[in-house]
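Undergrad: What follows is a predicted structure for the sequence shown.
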Amino acid sequence: DGGITQSPKYLFRKEGQNVTLSCEQNLNHDAMYWYRQDPGQGLRLIYYSQIVNDFQKGDIAEGYSVSREKKESFPLTVTSAQKNPTAFYLCASSGRTSGSMAGELFFGEGSRLTVL
Amino acid sequence: AQSVTQLGSHVSVSEGALVLLRCNYSSSVPPYLFWYVQYPNQGLQLLLKYTTGATLVKGINGFEAEFKKSETSFHLTKPSAHMSDAAEYFCAVGLPNSSASKIIFGSGTRLSIRP
């Protein structure tokens, strides 16, 4: 089945460690996104990529980094510079980068990161 | 600039009762509007969207929403709640013909269903 796979689903990290969250899609979508979700705050955009080898910062990019070497993959690294990394992280993709279909986001099941 | 406000962080209804989740938006241009649903520890799934045309939009699982420009609202309704509707619901606003990176999400409304 087509979809988005995020791993790991749960991750624990010690302070000062970097951690990488995986996101893979087999929907043949051009655009991919990373969101952070905190209780009562909705979703906030961290980074997005509309094409391979290109990505842009979202609203809360500080302390995070990404790469887009393949169309299918968009990993997110949470660095030690991120002051409050404990959160639920969601990866999404979209088949269009503009037009009426652009807002239809397909989400993975998320990765919950806890810093100990 | 765009913004979206969901009134009520938690709504509780009885099984079989009307579900009404409120969403108001602000946009300098005619917006695209979305409702997404999130079940516990899962990602979001699109329920319905309004882009242009008919202002009453029907979605999955019996939900519908009406775009009311004069009230800047896009409330989500379902005539009869089912236990399986318990989830968190997010309203979102986007710009026409723009990337999904422009979408702004509301803070969410948790829907509980009483037996």
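TA: Perfect, thanks for sending it.
Undergrad: CA only for contacts and neighbour counts going forward, please
TA: OK.
Undergrad: Strands of the chain, start to end?
TA: You didn't say which chain, so I picked chain A. A:4-7, A:10-13, A:19-25, A:31-37, A:43-51, A:54-57, A:64-66, A:76-78, A:87-94, A:106-107, A:111-115 (DSSP state E).
Undergrad: You answered for a different chain; I wanted chain B.
TA: Going by DSSP E, chain B shows strands at B:3-7, B:10-14, B:19-26, B:32-38, B:44-50, B:56-58, B:64-68, B:73-78, B:87-94, B:104-105, B:109-114.
Undergrad: quick one on the thing from earlier: can I get the strands of chain A in TSV including mean neighbour count?
TA: Listed next are the strands of chain A as TSV, based on neighbours: other C-alpha atoms under 10 Å in any protein chain shown:
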stretch	mean neighbour count
strand A:4-7	20
strand A:10-13	13
strand A:19-25	20
strand A:31-37	24
strand A:43-51	23
strand A:54-57	15
strand A:64-66	19
strand A:76-78	19
strand A:87-94	26
strand A:106-107	23
strand A:111-115	19
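Undergrad: Need the pLDDT of residue 99.
TA: Chain wasn't specified; assuming chain A. Note on residue A:99: pLDDT of 63.
Undergrad: Chain B, not that one
TA: pLDDT, read off for residue B:99, is 79.
Undergrad: can you pull the contacts of the nearest residue in space to residue B:93 that is not next to it in sequence?
TA: In this structure, residue B:93 finds its nearest non-sequential neighbour in residue B:33, 4.7 Å apart by C-alpha to C-alpha, 6 or more residues apart in numbering or on different chains. Residue B:33 makes contacts with B:49, B:50, B:51, B:74, B:91, B:92, B:93, B:94, as judged by C-alpha atoms under 8 Å, 6 or more residues apart in numbering or on different chains.
Undergrad: rerun at 7 Å
TA: Going by C-alpha atoms under 7 Å, 6 or more residues apart in numbering or on different chains, residue B:33 touches B:49, B:50, B:51, B:92, B:93, B:94.
Undergrad: where does residue A:49 sit relative to residue A:67, distance-wise?
TA: 9 Å (C-alpha to C-alpha, to the nearest Å).
Undergrad: typo on my end, residue A:7
TA: Residue A:7 is 16 Å from residue A:67, by C-alpha to C-alpha.
Undergrad: Kindly report the same for residue A:30.
TA: Taking C-alpha to C-alpha, one finds residue A:30 at 14 Å from residue A:67.
Undergrad: got the residues of chain B near chain A?
TA: Proximity of chain B to chain A, by C-alpha under 7 Å from any C-alpha of the partner chain, involves residues B:42-46, B:51, B:96-101, B:105-108.
Undergrad: Can you point out the buried residues in stretch B:66-81?
TA: B:66, B:67, B:73, B:74, B:75, B:76, B:77, B:78, B:81 (16 or more other C-alpha atoms under 10 Å in any protein chain shown).
Undergrad: Go ahead and confirm residue B:67 touches residue B:74.
TA: Yes: using C-alpha atoms under 7 Å, residue B:67 is in contact with residue B:74, at 4.8 Å.
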